[in-house]
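Asks: would you be able to build a 3D model of this:
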Amino acid sequence: MKKGNIIWFIEHISRELDVACAVSVLFKKKFGQKITILPFTSDLPPVYLKDFHPKIIILPYCYSVNDRMLKKILLKFPDVIYFNMAWEQIFYKANLEYKAPQDWFAKEQVLHHCWSRERSEFLQKRGIPRENIIINGHPAYKLYKKPYNKIFKNRLDLSKKFNLDPKKKWIFFPENYSWFFYSDHQFEEIIKNGQDRKTALIMRNYCGKAIFEVLKWLQTAGDKFNNVEIILRPRPAISAAYFTSVLEKLSPGITSKLNIIKDYSVREWILASNMVVSSFSTSLIEASIADRPTFMLEPYKLPNALIAPWYKLVKKIKTQSHFLNLCREIHLEEPKLLKSWAIRKFFVNSDPIISLMDCIRKIYLNDKPINRFQNRMKFKNISEPNTGWYWLIGFLGLIKRKILKQQAYYLNDDSKIYLRQINSRYTAFKEGLIGKSKSK
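Replies: Take a look at the predicted model:
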């Protein structure tokens with residue numbers, strides 16, 4: 001692998017890789033420079049970073065210098081410009097402060113990518129200098145438009161790969177009930193990191209109650225209608241095997257009429273589907289941009305902690321009968337209110353992918369985009385993460401799951417698998433945006 005002066009780290013392939021590949025391909029074409037895309041995983045072999053001398057490192061998130069993976073990278077590359085892509089910027093109430101930059105490093109020593117002017121104002125109120133903020137829009141939303149959308153697998157390709165009937169109506173459900181699936185250990189870690197326990201319990205209880213009611217609706221629709229395919233996609237961080245095992249353990253047979261598919265990004269499935277329904281997933285915003293009929297399933301009243309302002313722009317489905325009527329005749333009305341809001345808010349630039357590419361170039365050429373060592377002593381006090389203990393705990397957890405035949409919560413792909421997927425997707429974008437290389 002040829003080394004580049006810019007490293008772009010990916011946490012969730014399905015969420016982040018397409019933008020990284022599009023920018024990297026166009027960056028190479030326009031400026032002749034390589035951006036190296038690597039997985040943001042703790043098992044990344046040191047050999048992959050051995051010969052790097054990067055000027056810029058692009059991170060998937062940055063809340064605190066105490067993040068184990070960030071600390072590992074920072075100790076190896078202390079002089080680098082860190083650029084936070086901040087892949088989570090649309091929050092419900094309980095997560096707004098919890099996922100804000102927390103410490104001196106995140107606030108003072110990092111450049112932050114913002115999807116909207118409102119997000120920029122939020123960061124400034126929490127102590128981040130305006131000069132450390134780049135307002136660009138949401139690059140992933142542009143992927144639904146030309147020329148980028150031609151990269152994705154179409155409906156016929158997906159139907160062949162996953163044995164789906166392309167003649168049926170596809171109802172896509174991107175799942176977002178994460179609080180229900182957290183283990184007790186994960187739940188306590190979230191509390192330890194600053195989330196209010198009472199609020200977290202309320203969200204956990206709601207998600208547990210709501211998901212089973214919604215699954216009954218989906219299963220009933222699968223039983224009742226022969227002309228629909230119901231495609232359920234677990235959220236990016238969770239493995240499909242774990243997701244299915246938890247549901248089947250608590251309610252055997254509940255997933256029998258559902259196509260639980262984790263492969264490919266949410267974009268392929270939104271573009272291929274006739275209708276998109278979900279809980280409070282931001283995938284609904286993406287569906288509106290793709291002009292798909294979009295609905296929020298709300299079998300129970302949402303607790304205040306899970307409320308976000310944009311929900312009022314989505315049509316709500318609150319009963320099973322309403323949902324079944326919707327499935328009987330797929331509603332073809334486009335979600336105009338949500339779409340117009342999303343375009344107004346998140347398309348600060350007409351093409352956030354192109355503007356992101358230009359932004360990275362400007363950072364690269366600027367010798368003083370940020371004062372990296374305002375306080376050198378703070379960097380000296382950063383301690384090496386205990387990767388030995390971390391590895392041992394993970395290994396013991398693997399043995400336990402094997403013995404008890406449990407599935408892992410996280411989709412922790414081996415770094416080699418990650419790298420193969422990165423190379424494959426990069427090639428697809430290169431051929432789609434530039435064309436296949438001519439053989440000599």
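Asks: number of residues surrounding the residue lying closest to I285 once chain neighbours are set aside?
Replies: In space, and not counting its chain neighbours, I285 is closest to A342: 5.1 Å by Cβ to Cβ, 6 or more residues apart in numbering. In short, each C-beta sits where N, CA and C put it, glycine included. A342 is flanked by 22 other residues according to other Cβ atoms under 10 Å.
Asks: N259 pairs with what?
Replies: With DSSP bridges applied, N259 shows beta-bridge pairing to I231.
Asks: could you point out the longest helix of this protein?
Replies: helix 197-224 (DSSP state H).
Asks: tell me what it is packed against?
Replies: In this structure, helix 197-224 packs against helix 93-96, strand 169-174, helix 178-181, helix 184-192, strand 228-233, helix 320-328, with contacts taken as 3 or more Cβ pairs under 8 Å, 6 or more residues apart in numbering; DSSP states H and E.
Asks: just so I have it, where are all the strands in the stretch 51-200 of the chain?
Replies: 56-59, 81-84, 110-114, 133-135, 169-174 (DSSP state E, counting those that start in this stretch).
Asks: what's the closest of those strands to E333?
Replies: With respect to E333, and counting by Cβ to Cβ, the nearest of the strands of the stretch 51-200 of the chain is strand 169-174 at 15.0 Å.
Asks: the closest one pairs with which strands, and in what direction?
Replies: For strand 169-174, pairing defined by DSSP bridges yields strand 228-233 (parallel), strand 275-278 (parallel).
Asks: dump those into JSON lines; add distance to R267 and mean neighbour count as well.
Replies: Shown next, in JSON lines, are those (distance: least, Cβ to Cβ, whole Å; neighbours: other Cβ atoms under 10 Å):
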{"stretch": "strand 228-233", "distance to R267": "11", "mean neighbour count": "23"}
{"stretch": "strand 275-278", "distance to R267": "11", "mean neighbour count": "24"}
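Asks: out of those, flag the one nearest Y206.
Replies: strand 275-278 (14.9 Å).
Asks: contacts for the following helix or strand past the closest one, please.
Replies: Following strand 275-278 in sequence order, the next helix or strand is helix 283-289 (DSSP states H and E). With Cβ atoms under 8 Å, 6 or more residues apart in numbering as the test, helix 283-289 has contacts from 90, 140-141, 144, 172, 174, 176, 266-267, 270, 276, 278, 294-296, 310, 314, 334-335, 338-339, 342-343.
Asks: among those residues, name the buried ones.
Replies: The neighbour-count test (16 or more other Cβ atoms under 10 Å) marks 90, 140-141, 144, 172, 174, 176, 266-267, 270, 276, 278, 294-296, 310, 314, 335, 338-339, 342 as buried among the contacts of helix 283-289.
Asks: just the ones in helices from these, please.
Replies: 140-141, 266-267, 270, 338-339, 342.
Asks: export those residues as JSON lines, with columns for pLDDT.
Replies: Formatted as JSON lines, these follow (pLDDT from 0 to 100):
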{"residue": "A140", "pLDDT": "97"}
{"residue": "Y141", "pLDDT": "97"}
{"residue": "V266", "pLDDT": "92"}
{"residue": "R267", "pLDDT": "93"}
{"residue": "I270", "pLDDT": "96"}
{"residue": "L338", "pLDDT": "96"}
{"residue": "K339", "pLDDT": "95"}
{"residue": "A342", "pLDDT": "96"}
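Asks: what's the closest of those to N132?
Replies: Among those, and counting by Cβ to Cβ, the member closest to N132 is A140, at 22.2 Å.
Asks: next, the nearest residue in space to that closest one that is not next to it in sequence: secondary structure please.
Replies: Distances taken as Cβ to Cβ, 6+ apart put V19 closest to A140, at 5.4 Å, once the chain neighbours are dropped. Secondary structure state of V19, per DSSP: H, G, I helix; E, B strand; the rest coil, is helix.
Asks: now do the contacts for the residue nearest to E118 when sequence neighbours are not counted.
Replies: Nearest residue to E118, sequence neighbours excluded (Cβ to Cβ, 6+ apart): K345, at 7.3 Å. Contact analysis of K345 by Cβ under 8 Å, 6+ apart lists 115-116, 118.
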